[in-house]
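A.B. asks: Let me see the structure of the following:
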Amino acid sequence: MINLEKEIREQPAAVQSALGVNKEKIRALVDEAKARGVKSVYFCARGTSDHACIAAQYVFGIIAGIPCALGTPSVFTKYGAKIDLSEQLVIGVSQSGKAEDVLAVLRSAKEDGAITVAVTNDESSPMAREARYSLFCGAGPEVSIAATKTFTSQMAILFSIAAEWAQDKKLSDNLSTLPDRIKENIDRLLPQIDRMANKYRDIKGAIILGRGMAYPIALEGALKMLETNKIAMKGYATSDFHHGPIAQIKPGDPVFVIVPSGKTEDDASAIIEKLRGVSADIIVVTDDASLVPDDCEKVVTVSSGCELTSPFMTVLVFQLLACRLTEVRGIDPEVAGVINKITITK
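C.D. replies: Numbering: from 1, shown residues only. Down below sits the predicted model:
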């Protein structure tokens, strides 16, 4: 079994570990943030970790009413600017904990007296040592170039912070069931993914669309397919796709539409109708097949539990498809040319 598949299958254990090992620290940091009157969050990350932060942005806003910003590390490291982060909860996220630009943001925030948090998979990393609170993914070594188990464990940690902040028992309960549901979905998805990988083995490129909680998975799904199979992929917010990008679609072009049940169902239905109008090859990823038009033949179903935790399940589709495509295309996903497992940006 290649490392990529092995690590995809290790996600239930990774999420279980992340949820358990950080519980007391999360409670302490939220208590401190509330006591100090913190009313906003400043995330800083790159790549896959950035996608985990985008997902967390939605959750903090939806259940806690907390505005969140995605940090711009280059403002600190390239332009030498000083941003006052003193009243923010500043969260740096990195699999390795060695991202120098993210570390620079944490250092600047620390100088401002802000509460700083590092979410890493290495407790001895520079970021973990620098932050006031070090939260540990507990995913075990991640060897594959394509991050999978650290992505879901990062989301689990960030969603847990939001749930603690909002005292949202429903989300906390749903997070606690994630390990079992992730395993169940991996097992049930594999036959569907195997058929899809064989059908699309010669794929040259594709678009992935999602809105709200599905948007970060559109981004992450595209990245997984691109970095493992060197396929030209692009993820878009469904709402943005209407405003120009849909013009690139030609008859037969593959477009994945993520349709979780919940608040964005109407947007998904609208974009599917538009895509049908240009004869796109539409593949729907959903947790409710009744949301899909009867004549849509390509549907991948997941079991999500609730809308807020749906990203943990829908991302599995693209992780597994990326993995299976490497097999049918005869590609070694660990040989990625210019991509390294640990990427240091400054």
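A.B. asks: ok, residue 159 to residue 140 distance?
C.D. replies: Residue 159 is 20 Å from residue 140, where distance means C-beta to C-beta, to the nearest Å. Where you see a C-beta, it was placed from the backbone N, CA and C, and this is true even at glycine.
A.B. asks: neighbour-wise, which of those two wins?
C.D. replies: residue 159 (28 against 15; other C-beta atoms under 10 Å).
A.B. asks: What residues sit buried inside stretch 57-75?
C.D. replies: Residues 57-60, 62-64, 66, 68-69, 71-73, 75 are the ones in stretch 57-75 that count as buried (16 or more other C-beta atoms under 10 Å).
A.B. asks: which of those lies closest to residue 278?
C.D. replies: Taking C-beta to C-beta as the measure, residue 278 lies nearest residue 58 of the buried residues of stretch 57-75, at 28.8 Å.
A.B. asks: So that closest one is in contact with residue 212, correct?
C.D. replies: Yes. Between residue 58 and residue 212 there is a contact under C-beta atoms under 8 Å: 6.2 Å.
A.B. asks: can I see the domain layout of the protein?
C.D. replies: 3-176, 179-328 (automatic domain parsing).
A.B. asks: Select, out of those, the one closest to residue 334.
C.D. replies: Nearest to residue 334, of the domains of the chain and by C-beta to C-beta, is domain 3-176 at 6.1 Å.
A.B. asks: what's the span of the closest one, first residue to last?
C.D. replies: 26 Å (C-alpha to C-alpha, to the nearest Å).
A.B. asks: so for it, what's the average pLDDT?
C.D. replies: Across domain 3-176, pLDDT averages out at 96.
A.B. asks: picking that back up, which pair of the buried residues of stretch 57-75 spans the longest distance?
C.D. replies: Across the buried residues of stretch 57-75 (C-beta to C-beta), the longest gap, 29.0 Å, separates 63 and 75.
A.B. asks: tell me the contacts of the residue lying closest to residue 53 once chain neighbours are set aside?
C.D. replies: If the residues on either side of it in the chain are set aside, residue 53 comes closest to residue 43, at 3.9 Å by C-beta to C-beta, 6 or more residues apart in numbering. Contacts were defined as C-beta atoms under 8 Å, 6 or more residues apart in numbering; by that measure residue 43 touches 50, 53, 56-57, 68-71, 91-93.
A.B. asks: which among those residues gets closest to residue 102?
C.D. replies: residue 92 (4.5 Å).
A.B. asks: Tell me where the model's unsure across the stretch 201-346 of the chain.
C.D. replies: Residue ranges of the stretch 201-346 of the chain with pLDDT under 70: 295, 336-346.
A.B. asks: try 80 this time
C.D. replies: By pLDDT under 80, the weakly predicted segments of the stretch 201-346 of the chain are 290-297, 304-305, 334-346.
A.B. asks: what are the ranges of the strands in it?
C.D. replies: 205-210, 232-237, 254-259, 281-286, 299-301 (DSSP state E, counting those that start in this stretch).
A.B. asks: Ok, which of those comes nearest residue 115?
C.D. replies: strand 232-237 (30.0 Å).
A.B. asks: Buried residues of the closest one, list them for me.
C.D. replies: Here strand 232-237 shows 233-237 as buried, counting by 16+ other C-beta under 10 Å.
A.B. asks: can you check stretch 110-124 too?
C.D. replies: 110, 112, 114-122.
A.B. asks: What of stretch 131-143?
C.D. replies: For stretch 131-143, by 16+ other C-beta under 10 Å, it's 131-139, 142.
A.B. asks: Save those residues as CSV, and put in distance to residue 200 too.
C.D. replies: Output for the buried residues of stretch 131-143, formatted as CSV (distance: C-beta to C-beta, whole Å):
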residue, distance to residue 200
131, 42
132, 46
133, 43
134, 41
135, 37
136, 37
137, 31
138, 34
139, 29
142, 26
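A.B. asks: Which two of those residues have the greatest separation?
C.D. replies: 132 and 142 (25.1 Å).
A.B. asks: Looking at the contacts of residue 43, which two lie furthest apart in space?
C.D. replies: 57 and 92 (14.9 Å).
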